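Participant: Can you look at this prediction? I've put the sequence above it.
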Amino acid sequence: MNGIRAISSSRGFKVFLLLALVLLFLIPTGMIRNIIWERKNRAMEVEEEIMRSWGEEFVIQGPLLRIPCVERKEIKTRTGREEETKIQETAFYLWTVPKELLGRTELGTEIKRRGIFSVPLFTGTVHLSGFFDSGILEKELLPGQTAFPEKAELVITLSSQRGIRGVTTAAWNAGGLEFLPGDLGFAAGGIRAAAPQKQGINSFDIILEAQGGKSLWMVPVGEDSVFEVNADWPAPSFKGAYLPVSHKLTESGFGARWEISHLSRNIPLAWKEGETNSSQNGMSFGNNSFGVDFFKALDHYDVNTRAVKYALLFIVIPFLSFFLFEIFLRRDIHPVQYLLAGLGNAVFYLLLLSFSEHMNFGMAYLISAASVIAMTAFYSRSLLGAWGKSWIMGFIMLLCYSFLYFTLQSEDWALLAGSVGTFSIVALVMFLTRKLDWGMKSAAPAPIPDDDAVSL
C-alpha cells in the first residue's frame, strides 16, 4: 500500500496523469469544433434560402451578337450512269463579341437577416455600352456560308433570371431594343433582343436594374473591355482571373476599375455554333470571369474555428501553472481540480461561439474571456490558499487570452505569433524548473509560507 501511495504521490506520476488529462480534453475540443461547423453550415443554408429568393450571386456575360447563318454544300450522287447534284443546307449561328465594351456598375448594399443569420445583398444599375464591327463577318465566313445580319440578336447571359429587375435603357444604333427573357440555351439564363446589324459600326447602350447577393461577377467578352464597379460596401474582396488596375477604399464604400485586352484571355472574337452543340463555348467563359465579393469583414464562425485550434495550448497552460504552484508551494492539487480548471477553459469556446452569434465579436470575446479569467482566479483561491497567488493565476490567464485575441485579429501574423508564444512558454517553464529535483532525491525544500507576499 505504501508503494502504491509513493508512486501516486510522485511527480512523475502526476506529470503522466496531467498528460492523460490533456489528451482527454481533445474530445470536448473536437465536439466544440463540430458545433461550430454545424452552426456555420446552418448559417450557409439560411444564406442560400435568402439568396434564392433574391437573385443569388450576380454573374453577367455579354452582350454578345448572335447572327444566324447557313452553309450550302453541293452533294453529288451517282445512280448508274446518271449523276445527281443536291444542295445541302446546314444552319448555324455565328457569335461575335463587341469591339469595345464599357461596363459601369453602381450598387447599394444592405444586410438581410433571418433570425440571427444574415447575408449581404445589393441592388443597383449595370450600364453596358460599346459597339460591334460587322467587318468580322468577312473574316469568319467561309465560301458557301451566308450570314443574315438583319436577323441578328443581342444576348446578355445571367446566372439567374431573378437577378434582373428591369431594363431602363436599351438602345441599338438609332433605335431601341425590346428584350425578351431567355437566351435560347447559350447559358442558364439571360435576356435577348432583336438587333439587326448594319454594315460598319453598330453601337449599343443598355442600363439594367440588377439585384443579387454576396458577390458580383463579370466576363470581359469585349475585344477591349473596361469595367468599373462602385458600391457602398467597405470590405470588398476582389476575386477571379483579373484584379483591378486601380481601386479606392473608404469607410463609405469602394470603387474599382478593370482594363482587359482580348490578348490576355482565351475567349475568341467570333465562333460558330451549330444547333446540335449550342453550348459549345458558353461554359468555358467562366475561367475568365472576375468580380468582387461582398463579404463580412470578420466572419465569426471562421474566427471561432481558428480559436479552437489553440484550445489544447490553453488547456496546457493552466495545468502547467497549477503544477508549478503545486511544486513550489508544496500544495497538493487533486486531479479532479485540474480537470475542473481545464473544463473552465474549454467552456470559453462555447461562450465565445454563443455570444458572437448575437453581438460584435470583440465584445463577445471580452465577455467570454473575462468570465473565464474571473472564474479561474476565484477557483485558484481555494486551491492555492491565498488571494495573491490566485491573482497571479488570473494574470497568467489574462496574458493568454490577450495573446489569443491578438493572434485571431492578425491572421497574417498568426503562425509567427503562435510559434514565438509557444517558444516563450517552453523557455519560461525550463527556466523555472532548471534546478528542480524531479527525482526528489535531495532533501525536500523548506515549506514556503502561505501568504500573499510569496511569489515565484
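Facilitator: Looks like it arrived, so ask away. Numbers count the residues shown, from 1 in each chain.

Participant: tell me which residues in the biggest helix by length in the chain are buried?
Facilitator: Secondary structure of the chain per DSSP state H: the longest helix is helix 26-54. Of all the residues in helix 26-54, those buried under the rule 16 or more other CB atoms under 10 Å are 28-29, 32-33, 35-36, 39-40, 43, 46-47, 50-51, 54. The C-beta positions use only the backbone N, C-alpha and C, and glycine is treated the same way.

Participant: now swap in stretch 259-266 and tell me
Facilitator: Ile260, His262, Arg265.

Participant: quick check, nearest of the residues you listed to Leu398?
Facilitator: Using CB to CB, Ile260 is the member of the buried residues of stretch 259-266 that sits closest to Leu398, with 52.0 Å.

Participant: Can you name the residues bridging to the closest one?
Facilitator: On the basis of DSSP bridges, Ile260 is bridged to Ser225.

Participant: Run through the residues that contact it.
Facilitator: Pro220, Gly222, Asp224, Ser225, Val226, Phe227, Tyr242 (CB atoms under 8 Å, 6 or more residues apart in numbering).

Participant: From what I see, the fifth one and Ala256 are in contact.
Facilitator: No - the pair Val226 / Ala256 is not scored as a contact, 11.6 Å apart, by CB atoms under 8 Å.

Participant: what ranges do the strands span in the stretch 151-300 of the chain?
Facilitator: 153-158, 164-172, 175-176, 180-181, 189-194, 201-213, 215-219, 224-231, 236-240, 246-250, 253-261, 270-274, 290-294 (DSSP state E, counting those that start in this stretch).

Participant: Remind me what the helix or strand hosting Gln337 packs against, helices and strands.
Facilitator: Here Gln337 is covered by helix 335-356, with elements defined by DSSP states H and E. Using 3 or more CB pairs under 8 Å, 6 or more residues apart in numbering; DSSP states H and E as the contact definition, the elements that helix 335-356 packs against are helix 11-24, helix 26-54, helix 300-308, helix 311-329, helix 361-384.

Participant: Could you give the separation of the last one from the chain centroid?
Facilitator: Right, the one you point to is helix 361-384. What separates the centre of helix 361-384 from the centre of its chain is 32 Å, taken as CA atoms, centre = their mean, to the nearest Å.

Participant: mind giving me the domain split of this protein?
Facilitator: Following the assignment in automatic domain parsing, the chain carries domains at 2-42+301-432, 59-296.

Participant: Comparing those by mean pLDDT, which bottoms out?
Facilitator: Of all the domains of the chain, mean pLDDT reaches its minimum on domain 2-42+301-432 (a mean of 75).

Participant: Tell me the first helix or strand C-terminal of the longest helix of the chain.
Facilitator: strand 58-79.

Participant: ok and the following helix or strand past that following strand relative to strand 58-79, angle-wise?
Facilitator: Note on strand 58-79: by DSSP H and E, the next helix or strand toward the C-terminus is strand 82-96. Orientation check (axes from the mean of the first three to the mean of the last three CA atoms, to 10 degrees): strand 82-96 against strand 58-79 gives 170 degrees.

Participant: Setting aside sequence neighbours, what's the nearest residue to the most centrally placed residue in the chain?
Facilitator: Among the residues of the chain, the one closest to the centroid is Phe295, at 7.1 Å (CA atoms, centre = their mean). Leaving aside its chain neighbours, Phe295 sits nearest to Ser237 (5.4 Å; criterion: CB to CB, 6 or more residues apart in numbering).

Participant: Ile201 too?
Facilitator: Nearest non-adjacent residue to Ile201, counting by CB to CB, 6+ apart: Phe131, 5.0 Å away.

Participant: which stretch of helix or strand covers that neighbour?
Facilitator: Per DSSP H and E, Phe131 falls inside strand 117-133.

Participant: Which strands and helices lie in contact with that strand?
Facilitator: By 3+ CB pairs under 8 Å, 6+ apart, strand 117-133 packs against helix 26-54, strand 58-79, strand 100-114, strand 164-172, strand 201-213.

Participant: Which among these is found nearest to Phe122?
Facilitator: strand 100-114 (4.5 Å).

Participant: So for the closest one, what gets flagged as buried?
Facilitator: Glu100, Leu101, Leu102, Gly103, Arg104, Thr105, Leu107, Thr109, Lys112.

Participant: For Gln88, state which of these is nearest.
Facilitator: Leu101 (36.9 Å).

Participant: how many other residues sit next to the residue nearest to that closest one when sequence neighbours are not counted?
Facilitator: Leaving out its chain neighbours, the residue that sits closest to Leu101 by CB to CB, 6+ apart is Gly222, at 2.8 Å. Neighbours of Gly222 under the rule other CB atoms under 10 Å: 27.

Participant: Report the separation between Gly222 and Val119.
Facilitator: 31 Å (CB to CB, to the nearest Å).

Participant: ok, now Cys69?
Facilitator: Remark: distance between Cys69 and Val119 (CB to CB) = 44 Å.

Participant: just to revisit the earlier point, got the helices and strands packed on strand 117-133 as JSON lines, with distance to Phe92 columns?
Facilitator: Conversion of the helices and strands packed on strand 117-133 to JSON lines gives the following (distance: least, CB to CB, whole Å):
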{"stretch": "helix 26-54", "distance to Phe92": "36"}
{"stretch": "strand 58-79", "distance to Phe92": "5"}
{"stretch": "strand 100-114", "distance to Phe92": "24"}
{"stretch": "strand 164-172", "distance to Phe92": "23"}
{"stretch": "strand 201-213", "distance to Phe92": "21"}
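
Participant: So for Ala311, which of the ones you listed sits nearest?
Facilitator: helix 26-54 (4.2 Å).

Participant: relative orientation of the closest one and helix 335-356 in degrees?
Facilitator: 10 degrees.

Participant: did I read that right, Pro143 in a helix?
Facilitator: No - Pro143: not assigned to a helix; according to DSSP: H, G, I helix; E, B strand; the rest coil it is coil.

Participant: Got the phi and psi for it?
Facilitator: phi -60, psi 140 (degrees, to the nearest 10).
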